[in-house]
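1. Got a predicted structure plus its sequence, pasted below:
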Amino acid sequence: MLMVIDKYRKLILLFALYSLYGASTDGIQKALVSDLVDVFYKKRTAI
């Protein structure tokens, strides 16, 4: 098991960093879409 982790260490790190990036930007993305829809369509049902 340890050899597998050592072999794919960079790939595991890449997925972990990508997951952190996705989780940290998800709320910001939804807020931006909600604001844009509010400006253009005056509705609050975009999410």
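-> Okay, I see it. Just so we're clear, the structure is a prediction, and the values are computed from it rather than from any experiment. Numbering: from 1, shown residues only.
2. where do the helices sit along this structure?
-> Read by DSSP state H, the chain holds these helices, from start to end of the chain: 2-7, 9-41.
3. With mean pLDDT and mean neighbour count as extra columns, can I get these in TSV?
-> All C-beta atoms are positioned from the backbone trio N, CA, C, and that covers glycine. Below are the helices of the chain laid out as TSV (pLDDT from 0 to 100; neighbours: other Cβ atoms under 10 Å):
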stretch	mean pLDDT	mean neighbour count
helix 2-7	73	8
helix 9-41	84	10
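4. mind listing what Arg9 touches?
-> Contact partners of Arg9, counting by Cβ atoms under 8 Å, 6 or more residues apart in numbering, are absent.
5. separation between it and Phe15?
-> As judged by Cβ to Cβ, to the nearest Å, Arg9 and Phe15 stand 11 Å apart.
6. again, but for Tyr8
-> Computed with Cβ to Cβ, the distance linking Tyr8 and Phe15 is 10 Å.
7. how far away is the residue nearest the centre of the chain from Lys7?
-> Nearest to the mean C-alpha position of the chain, by Cα atoms, centre = their mean, lies Gly22 at 1.7 Å. According to Cβ to Cβ, Gly22 stands 25 Å off from Lys7.
8. And Ala16, by the same measure?
-> Where Lys7 is concerned, Ala16 sits at a distance of 16 Å (Cβ to Cβ).
9. try Leu14
-> Relative to Lys7, Leu14 is positioned 14 Å away (Cβ to Cβ).
10. Please apply the same query to Leu20.
-> Applying Cβ to Cβ, the value for Leu20 to Lys7 is 22 Å.
11. likewise Leu17?
-> To Lys7, Leu17 is 18 Å away according to Cβ to Cβ.
12. again, but for Leu13
-> Distance, Leu13 to Lys7, by Cβ to Cβ: 13 Å.
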